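>>> Show me how the following folds:
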Amino acid sequence: MMKKLLVILTTIALTSCASTSDNPYIKRSLMNAHSGDSKAQVSMGMRYMLGQGTPVDYAEARSWFEKAAELNNPYAENELGFMYATGKGVTPNQVTALQWYQKAADHGLASAQYNLGMMYAHGVGTPVDNAKAQAYFRKAAAAGFGPASKALR
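This is a model prediction of the structure:
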């Protein structure tokens, strides 16, 4: 019984460590990402950031997000803001985080508007500016981003 359990666990472990090229969805996404599809680039960045079908690799995630950000993808810009705000695979830099959130917010991404509002509200990477914080919260709330509505209360 113990040998059987060990074989099953080993098989599961080996299967979960399969390379990205073994998964047809990831393989197709990777091909599209290499072709310049910014949505696929963000998808690959998220996979590497979260370890979904790939090992966690923040440098690889950042690389994919940077490629998509060059194409003005607001989701990539927002994720780069998150990486710099939290120090995921980069030296934490709140000013750089603010700049990335600003780019994504300027592209109309509600979650980035909320993130930017939080930075202004708490003086992270910038002096506290409650008027700017409220303005970004209102924009995000108007787009239906729930946390922004709560921040306005």
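
>>> So in this structure, where's the weakest helix or strand by average pLDDT?
Using mean pLDDT, DSSP states H and E, helix 2-16 stands out as the lowest-scoring helix or strand of the chain, at a mean of 43.

>>> That helix: what's the following helix or strand?
helix 24-34 (DSSP states H and E).

>>> which of the residues in that next one are buried?
Residues 26, 29-30, 32-33 are the ones in helix 24-34 that count as buried (16 or more other C-beta atoms under 10 Å). C-beta coordinates here come from the backbone N, C-alpha and C atoms, glycine included.

>>> do stretch 87-98 as well
89-90, 96-98.

>>> ok, residues contacting that stretch?
49, 58-59, 61-62, 81-86, 116, 119, 124-126 (C-beta atoms under 8 Å, 6 or more residues apart in numbering).

>>> quick one: which of those is most hemmed in?
Leu116 (31 neighbours; other C-beta atoms under 10 Å).

>>> can you give me the helices in this structure?
If you assign secondary structure with DSSP state H, the helices in the chain sit at 2-16, 24-34, 38-50, 58-70, 74-86, 94-106, 110-122, 130-142, 146-151.

>>> Compute the distance between Pro55 and His34, please.
Distance, Pro55 to His34, using C-beta to C-beta, to the nearest Å: 19 Å.

>>> no no, Tyr120
Distance from Tyr120 to His34, by C-beta to C-beta: 37 Å.

>>> burial count for the residue lying closest to Ala68 once chain neighbours are set aside?
Nearest non-adjacent residue to Ala68, counting by C-beta to C-beta, 6 or more residues apart in numbering: Ala76, 3.4 Å away. Residues near Ala76, counting by other C-beta under 10 Å, number 27.

>>> Would you mind listing the residues in contact with Ala76?
Ala76 neighbours (C-beta under 8 Å, 6+ apart): 38, 41-42, 45, 64-69.

>>> at 10 Å what do you get?
Applying C-beta atoms under 10 Å, 6 or more residues apart in numbering to Ala76 gives the contacts 38-39, 41-42, 45-46, 62, 64-70, 100, 103-104.

>>> Select only the buried ones of the residues you listed in ChimeraX?
Remark: buried members of the contacts of Ala76, expressed as a ChimeraX selection using 16+ other C-beta under 10 Å:
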select :38,41,42,45,46,62,64,65,66,67,68,69,100,103,104
